[in-house]
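J.: predicted model follows, preceded by the sequence.
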Amino acid sequence: MVIDLEPGDNAQVIFETLNHRGSRLLAADLVKNFLFQVVESQGADVAALYRAYWRDLDNDHWRQQVAQGRLYRPRIDVFLNHWLTMTLLHEVPSDRVFVDFRDHVRRTKPPISELLTTLASDAAVYAQLDKLPYDSVEGRFHYRILRAMNSGVVGPLLLWLLRWHEQRMLAVQRAKALTALESWIVRRSLCRATVKDLNRLVVDLLNALDKAGPETAGDTVENYLAAQTTDSRFWPTDAMLHTALAHARLYSSLTRPRLRMVLEALEDSLRGPLGEGQPCPRNLSVEHVMPQAWREHWGADIDGDEVAALRRDQVVHTLGNLTLVSGKLNPTLSNRPWADAEAGDRGLGSTGKRSYLLRHSQLTLNSEIAAGNQSFWTEQDITDRTAELIDRMTTIWTRPAPPLAMMQPAALAPEEPAEAPDAGETSNGNVSAHPGKYHALHDWLRQQNQDQLPMSFDAVEDVLGLPLPEPARTHLEHWYGYDGTALGRAIRDAGWKATGVDLADERVVFARER
């Protein structure tokens, strides 16, 4: 509609009044209206300031709906949300963007022309995020964390780090900050650590950066993250990463974009330092080297052994058995045997899976698998490759040496009260060699002959004859055999260790110590 105004009519007040009648407006519309009300009240040139600083924010690009977590919001509203959080140094709920912006302006009374200049400058930085080259630290962080990891909550922190000119923040300090934050987020995700405190951590980091200044941003971020020891904030060590991933079913526990990103990062690292080689292509398919339906052509060695079959079902989803292939190659590979000869024997032509990978894939991940495994691809090969890839991941997502407090991970998880060392009774009436209420699990493990025992948490409780402590269902560290947990001591004293703990599926794999 068109409204003709008489001389002296206040366009901004009329606009705001119309909104009271139920017109659907963006938070950005209300912010713009409020700002130009102030501009008009100060007698400044509304049209000139609009053309100089806001007109570009009124185009379709800024009003486009973009994902923010599980919701979609206009890009301009997301930017204003991030900008306010960065500026106010506290979390701003999405439904309070206009109110908090208005209150901030009324409280601080900044020169509106300067405020518009700052907003336009920061908006220009935000608009370039999707255009950052992947071979830059900034572009890599944006792709891996904001897109693949879907961690948009760090947006205010990224905006703060990118808004400074080289004179205030050296590139090396910006790179150090982004590299540390990326490592912290990725490692915690791979260890299935909680993300419930990420919003507050971002705000705390912004406050620390605001206090220290942009000149030392990298040092500030790295030191702050390395000093965190609580369960919701610790930075997992290399040892924790190995423990969490050695037997983890990553194919089912990570979302496909996150898993693809991890494999892309591994491929990039094999191709050489960032910026020196072509990065891994995007949007490839995740492929199992030993297929999920392995029983069709890969089960002759364990025919009829159900325990071994269950173990193989676990192993095929682990990191060492996963790679990337093109969408066209994925159906061709399917459940095909590994070697050419075996494919021929089974009437599947003269080409096995290994040859297809060599001929049709240019990824170093696949050439390394094919070169080192000419005749077979076994569970042991998968286990060995898993360990090698985890080692490589610790060099991709590095972290400084942990403080002394981090050397005892059990302190990160709540523990049940310590028990008096009263000896328990075993099922055969003999006195258990392990004291405490978990002696039944200790004794049962001592009687097993296998080297690996995949079990559900319910099955563990059946062995114990009592419920698992609540921290065992919520904290990975509770299982890992450190001195701080009675459950871990019982497992360790029996000569075993807990690996592949999956809190989501409530499963654990016990592995015999060698």
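T.: Thanks, I have the structure now. Residues are numbered from 1 along each chain as shown.
J.: got the buried residues for stretch 301-316?
T.: 302, 308, 311, 312, 314, 315, 316 (16 or more other CB atoms under 10 Å). Heads up, the C-betas are built off the backbone N, CA and C, glycines and all.
J.: please enumerate the strands of the stretch 301-450 of the chain.
T.: Taking DSSP state E, counting those that start in this stretch as the criterion, the stretch 301-450 of the chain contains strands spanning 322-325, 423-425, 431-435.
J.: right, and residue 439 touches residue 491 too?
T.: No. The criterion here is CB atoms under 8 Å, and residue 439 misses it with residue 491 at 11.6 Å.
J.: now do the buried residues in stretch 390-397.
T.: Neighbour-count burial for stretch 390-397 flags 390, 393, 394, 396, 397 (criterion: 16+ other CB under 10 Å).
J.: what's the spacing between residue 236 and residue 245?
T.: Per CB to CB, to the nearest Å, residue 236 is found 10 Å from residue 245.
J.: joint contacts of those two?
T.: 190, 191 (CB atoms under 8 Å, 6 or more residues apart in numbering).
J.: who has more neighbours out of those two?
T.: Neighbours per residue, other CB atoms under 10 Å: of residue 236 and residue 245, the larger number sits with residue 236, 28 against 24.
J.: show me the buried residues of stretch 390-397 that map onto helices.
T.: The members of the buried residues of stretch 390-397 that map onto helices under DSSP state H are 390, 393, 394, 396.
J.: pick out whichever of these sits closest to residue 271.
T.: residue 396 (12.1 Å; CB to CB).
J.: how near is the closest one to residue 188?
T.: Shown here: residue 396 relative to residue 188, a distance of 15 Å by CB to CB.
J.: for stretch 486-505, measure first residue to last.
T.: 23 Å (CA to CA, to the nearest Å).
J.: average pLDDT for that stretch, rounded please.
T.: Across stretch 486-505, pLDDT averages out at 82.
J.: and this structure, what are its domains?
T.: Following automatic domain parsing, one finds the domains of the chain at 11-127, 132-236, 246-396, 409-512.
J.: adding distance to residue 3, write those out as a markdown table.
T.: Converted to a markdown table, the domains of the chain look like this (distance: least, CB to CB, whole Å):
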| stretch | distance to residue 3 |
| --- | --- |
| domain 11-127 | 7 |
| domain 132-236 | 36 |
| domain 246-396 | 47 |
| domain 409-512 | 56 |
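J.: can you pull the contacts of the nearest residue to residue 251 once chain neighbours are set aside?
T.: Once flanking residues are discounted, residue 251 sits nearest to residue 317: 4.1 Å by CB to CB, 6 or more residues apart in numbering. Residues in contact with residue 317 (CB under 8 Å, 6+ apart) are 249, 250, 251, 252, 288, 292.
J.: and residue 187, by the same measure?
T.: Going by CB under 8 Å, 6+ apart, residue 187 touches 235, 236, 240, 241, 397, 399.
J.: what strand or helix carries the third one?
T.: To tie it back to what came earlier, the one meant is residue 240. Per DSSP states H and E: residue 240 is located in helix 238-245.
J.: what's that helix packed up against?
T.: In terms of contacts (3 or more CB pairs under 8 Å, 6 or more residues apart in numbering; DSSP states H and E), helix 238-245 is packed against helix 171-190, helix 379-396.
J.: give me the residue ranges of the stretch 151-300 of the chain where confidence is low.
T.: Across the stretch 151-300 of the chain, the ranges flagged by pLDDT under 70 are 274-277.
J.: where do the strands of it begin and end?
T.: For the stretch 151-300 of the chain, strands defined by DSSP E, counting those that start in this stretch occupy the ranges 285-288.
J.: all helices of it, in order?
T.: For the stretch 151-300 of the chain, the helices defined by DSSP state H, counting those that start in this stretch cover 155-162, 171-190, 198-212, 217-226, 238-245, 250-253, 256-271.
J.: can you tell me what sits against stretch 148-165?
T.: 67-69, 78, 82-83, 85-86, 121-122, 125-126, 129, 138, 141-142, 145-146, 169, 174, 177-178, 181, 185-186, 189, 195, 198-199, 202, 205-206, 209, 214, 217, 255, 257-258, 260-261.
J.: got a quick PyMOL command for the buried subset of these?
T.: Applying 16+ other CB under 10 Å to these, the buried members can be selected in PyMOL as follows:
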select buried, resi 68+78+82+83+85+86+122+125+126+129+138+141+142+145+146+169+174+177+178+181+185+186+189+198+202+205+206+209+214+217+258+260+261
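J.: rebuild the contacts of residue 187 as CSV, extending it with distance to residue 74.
T.: Formatted as CSV, the contacts of residue 187 follow (distance: CB to CB, whole Å):
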residue, distance to residue 74
235, 35
236, 36
240, 40
241, 38
397, 33
399, 37
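J.: now the two most distant members of those.
T.: Within these, 240 and 397 form the most distant pair, 12.2 Å apart (CB to CB).
J.: next, residue 290: phi, psi?
T.: With angles defined as degrees, to the nearest 10, residue 290 sits at phi -80, psi 120.
J.: what's near enough to touch it?
T.: Residue 290 is in contact with 298, 312, 315, 316, 321, 338, 377, 379, 382, counting by CB under 8 Å, 6+ apart.
J.: before we move on, the earlier item: would you turn the buried residues of stretch 301-316 into TSV with distance to residue 31 and pLDDT?
T.: Converted to TSV, those look like this (distance: CB to CB, whole Å; pLDDT from 0 to 100):
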residue	distance to residue 31	pLDDT
302	64	86
308	63	88
311	58	89
312	58	91
314	53	90
315	54	93
316	52	94
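J.: ok, of these, which one's closest to residue 347?
T.: residue 302 (22.4 Å).
J.: ok, the residue nearest to the closest one when sequence neighbours are not counted to residue 379 distance?
T.: Closest residue in space to residue 302, ignoring its immediate chain neighbours: residue 308 at 4.0 Å, by CB to CB, 6+ apart. Distance of residue 308 to residue 379, given as CB to CB: 9 Å.
J.: do the same with residue 47
T.: 72 Å.
J.: in the stretch 401-514 of the chain, where is pLDDT below threshold?
T.: In the stretch 401-514 of the chain, residues with pLDDT under 70: 402-436, 480-484, 514.
J.: need the helices for it, in chain order.
T.: For the stretch 401-514 of the chain, the helices defined by DSSP H, counting those that start in this stretch occupy 439-446, 457-464, 470-474, 486-493.
J.: re the thing from before, export the helices and strands packed on helix 238-245 to TSV and tack on distance to residue 486?
T.: Putting the helices and strands packed on helix 238-245 into TSV (distance: least, CB to CB, whole Å) gives the following:
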stretch	distance to residue 486
helix 171-190	26
helix 379-396	28
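J.: closest to residue 501 out of those?
T.: Of the helices and strands packed on helix 238-245, the one closest to residue 501 (CB to CB) turns out to be helix 171-190, at 12.8 Å.
J.: ok and that closest one relative to helix 256-271, angle-wise?
T.: Between helix 171-190 and helix 256-271, the angle comes out at 130 degrees (axes from the mean of the first three to the mean of the last three CA atoms, to 10 degrees).
J.: what number of residues lie near residue 250?
T.: Quick note: residue 250 (other CB under 10 Å) scores 21 neighbours.
J.: sorry, that was for residue 47
T.: 10.
J.: what helix or strand is it on?
T.: Using DSSP H and E, residue 47 sits in helix 46-49.
J.: show residues contacting that helix.
T.: For helix 46-49, contacts defined as CB under 8 Å, 6+ apart pick out 36, 39, 40, 112, 113, 116.
J.: what's the mean pLDDT across it?
T.: Throughout helix 46-49, pLDDT has a mean value of 93.
J.: just after that helix, pick out the following helix or strand.
T.: Next element after helix 46-49 (DSSP H and E): helix 60-63.
J.: residue 219 contacts residue 173, correct?
T.: Yes. Assessed by CB under 8 Å, residue 219 is found in contact with residue 173 at 7.2 Å.
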